[in-house]
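> For reference, the sequence and a predicted model appear below.
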Amino acid sequence: MGSALRDKLRDKLRVVARLGLVAPVGELATAFGLPGWPLGAVVEAAFEVLGLWLKRRGGTGSVEVREAIERVRASLAAHGSARCERHDGAAHDQPVTDRAGWRDGSRFDIAIDAWRKIMAGLARARAARHLRNAGFLTAGTLADWPPGCPGRCWDARASMPLQPT
């Protein structure tokens, strides 16, 4: 199994593996008459637990991807217009303090230092890879960098959906 696929399925494989251990042991105990349950009841219960776990976590998508998307969206919603200078250099109503990046319509160029703050506690490189793969983020090229950008930027869209489709 490839590394990217393993990363994508890691938490789901862990849960399925654990339920895969519990179900046959329970069925074996049932075959010996220990719990008094009908045969197949433990397997059915394991599938029910898996369904409840998937429902509680919000589906089969990656929790890391959802968390990264939620953080970028929350940051843009809370600070996008106040902490992002305009690409065209037009004046802001107020001076931009603690700049997080630049904006051009619905496109935001998030500066690397702001990216580090937004993704604090997550594996930043893996989060960026997931968001890139989902089409929500691109690495800005030197030609795209806005004036005054001290280094790399991540291009994000304000219309980024809350969950990948």
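That came in fine, so what should we check first?
> Regarding residue 156, what is its secondary structure?
For residue 156, the secondary structure call by DSSP: H, G, I helix; E, B strand; the rest coil comes out as strand.
> ok, it - contacts?
72, 76, 107, 108, 110, 131, 136, 137 (Cβ atoms under 8 Å, 6 or more residues apart in numbering). Backbone N, C-alpha and C define where each C-beta goes, glycine included.
> Quick check, pLDDT for the fourth one.
Reading off the per-residue confidence, residue 108 sits at a pLDDT of 80.
> That one and residue 9: what is the separation?
Distance, residue 108 to residue 9, using Cβ to Cβ, to the nearest Å: 30 Å.
> Look at these two and report which has more neighbours.
Applying other Cβ atoms under 10 Å to residue 108 and residue 9 shows that residue 108 carries more neighbours, namely 26 against 14.
> how about that one, secondary structure?
Under three-state DSSP, residue 108 comes out as strand.
> low-confidence ranges in the chain?
By pLDDT under 70, the weakly predicted segments of the chain are 1-5, 7-8, 61-62, 88-94, 139-154, 157-165.
> Using the record's assignment, carve it into domains.
The chain breaks down into these domains under automatic domain parsing: 3-57, 63-90+98-157.
> Pick the most buried one from these.
Mean neighbour count (mean count of other Cβ atoms under 10 Å) peaks for domain 63-90+98-157 among those, with a mean of 17.
> Skipping its backbone neighbours, what lies nearest residue 22 in space?
Once flanking residues are discounted, residue 22 sits nearest to residue 46: 6.1 Å by Cβ to Cβ, 6 or more residues apart in numbering.
> Could you verify my assumption that the one you found touches residue 18?
No. Residue 46 is not in contact with residue 18 according to Cβ atoms under 8 Å; the separation is 9.3 Å.
> Can you tell me how far the residue nearest to residue 22 is from residue 54?
Relative to residue 54, residue 46 is positioned 13 Å away (Cβ to Cβ).
> And for residue 42?
The value you get for residue 42 to residue 54, if Cβ to Cβ is used, is 19 Å.
> Next: residue 67.
17 Å.
> got it, and residue 128?
To residue 54, residue 128 is 26 Å away according to Cβ to Cβ.
> ok, residues contacting stretch 14-24?
42, 43, 45, 46, 49, 50, 53.
> Alpha carbons of that stretch, in PDB - could you do that?
The C-alpha trace of stretch 14-24 is given here as PDB (Å, rounded to 0.1, in the frame of the first residue of the first chain):
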ATOM      1  CA  ARG A  14      -6.800   1.200  12.900                       C
ATOM      2  CA  VAL A  15     -10.500   1.100  13.900                       C
ATOM      3  CA  VAL A  16     -11.400  -1.700  11.400                       C
ATOM      4  CA  ALA A  17      -8.300  -3.700  12.600                       C
ATOM      5  CA  ARG A  18      -9.500  -3.500  16.200                       C
ATOM      6  CA  LEU A  19     -13.000  -4.400  15.400                       C
ATOM      7  CA  GLY A  20     -11.600  -7.200  13.200                       C
ATOM      8  CA  LEU A  21      -9.900  -8.600  16.400                       C
ATOM      9  CA  VAL A  22     -12.900  -8.200  18.600                       C
ATOM     10  CA  ALA A  23     -15.500  -9.800  16.300                       C
ATOM     11  CA  PRO A  24     -13.900 -13.200  15.800                       C
END
